[in-house]
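Colleague: need coordinates for the below:
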Amino acid sequence: VAVGGGALGLGVNTASTNVAVGYNAGYDVTSGGNNTFVGANSGSSVTTGTHNVMVGRDAGDAQTTASYSVAIGSEALTSNTTGAANIAVGRQSLKANTTGTNHTAVGVGALKTVTTANNSTAVGHSALESNTSGAQNVATGAFAGNKNTTGSYNTSYGYSALTETTTGNNNTGLGGNAGNNLTTGTNNTVIGYNSDASSATVSNEITLGDGSISALRCQVQSISALSDRR
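Modeller: A predicted model of the protein is given here:
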């Protein structure tokens, strides 16, 4: 099904299971099937890719042979060429991704600048927006992990959690503004609203709560060390 000037290349497509609505939607499709393109230039470079869903102006318009991508929103996944199994929902989500795979980005600008890294999840306005090559990151909440560039294996959950981390790896921030002072520190765990690590560059530290916490309650009153070394 083709509706709009240049949709499905005006007969170039040889598969019968594609739907294209909009100017140049799915324009270059040759043998790729089971695709849905809605919006001007959506999926316009797809050739043999299959099972893609692209909705919005320029959504997924650079993708060629990759399959199983979902791009919903203007300029969503617009630079992707061969990266497969990506999900981008929101304007400019995963906008710069080229070959990265298995990303999930939901929210305006989520994972906007990632290019070749794989396996990150960003949910929330501008979550992981500055990430370029950091991999295996998870950010949930508006601006969570927002300034991360190359750091990997970071987990941020909550509004602006770990928002200042740039190159630090293996950090966990749970709670609104949790760990948002960390920049290059590594292997830190920061839990609780407004909780901060002791410095921006510290590593291997656990912080529980902010300066207002006055009691620490737990049934177990002893701590077992992971190692006998002191």
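
Colleague: following the least confident helix or strand in the chain by mean pLDDT, which helix or strand shows up next?
Modeller: Every helix and strand of the chain was ranked by mean pLDDT, DSSP states H and E. The lowest is strand 2-3, at a mean of 53. Heading C-terminal from strand 2-3, the first helix or strand you meet, by DSSP states H and E, is strand 19-21.

Colleague: what pairs with that next one, parallel or antiparallel?
Modeller: strand 2-3 (parallel), strand 36-38 (parallel) (DSSP bridges).

Colleague: mean confidence (pLDDT) on the last one, please.
Modeller: I take that to be strand 36-38. Mean pLDDT, strand 36-38: 94.

Colleague: which positions within the helix or strand just after that strand qualify as buried?
Modeller: Downstream of strand 36-38, the next assigned helix or strand under DSSP H and E is strand 53-55. For strand 53-55, a neighbour-count test (16 or more other CB atoms under 10 Å) marks Val53, Met54, Val55 as buried. Bear in mind the C-beta positions are built from the backbone N, C-alpha and C, glycine included.

Colleague: so which elements touch the helix or strand following strand 53-55?
Modeller: Downstream of strand 53-55, the next assigned helix or strand under DSSP H and E is strand 70-72. The helices and strands touching strand 70-72, judged by 3 or more CB pairs under 8 Å, 6 or more residues apart in numbering; DSSP states H and E, are strand 53-55, strand 87-89.

Colleague: ok, back up a step: now the buried residues of strand 53-55 in JSON lines, with distance to Gly209 and pLDDT?
Modeller: Shown next, in JSON lines, are those (distance: CB to CB, whole Å; pLDDT from 0 to 100):
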{"residue": "Val53", "distance to Gly209": "43", "pLDDT": "96"}
{"residue": "Met54", "distance to Gly209": "44", "pLDDT": "95"}
{"residue": "Val55", "distance to Gly209": "43", "pLDDT": "96"}
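
Colleague: tabulate these (TSV), appending distance to Ala84.
Modeller: TSV is the format used below for these (distance: CB to CB, whole Å):
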residue	distance to Ala84
Val53	13
Met54	14
Val55	18
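
Colleague: and those, which is closest to Thr104?
Modeller: Val53 (14.0 Å; CB to CB).

Colleague: pipe the helices and strands packed on strand 70-72 into JSON lines and attach distance to Asn80 per row.
Modeller: Output for the helices and strands packed on strand 70-72, formatted as JSON lines (distance: least, CB to CB, whole Å):
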{"stretch": "strand 53-55", "distance to Asn80": "10"}
{"stretch": "strand 87-89", "distance to Asn80": "8"}
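
Colleague: out of those, nearest to Val202?
Modeller: It is, among the helices and strands packed on strand 70-72 and with distance given as CB to CB, strand 87-89, at 34.2 Å.

Colleague: who touches that closest one?
Modeller: 69-73, 76-77, 94, 97, 103-107, 110-111 (CB atoms under 8 Å, 6 or more residues apart in numbering).

Colleague: now with 10 Å?
Modeller: Outside strand 87-89, the residues that touch it by CB atoms under 10 Å, 6 or more residues apart in numbering are 53-56, 59-60, 68-73, 75-78, 80, 93-95, 97, 102-108, 110-112, 121-123.

Colleague: and the next helix or strand past it?
Modeller: Next along from strand 87-89, by DSSP H and E: strand 104-106.

Colleague: that following strand pairs with which strands?
Modeller: By DSSP bridges, strand 104-106 pairs with strand 87-89 (parallel), strand 121-123 (parallel).
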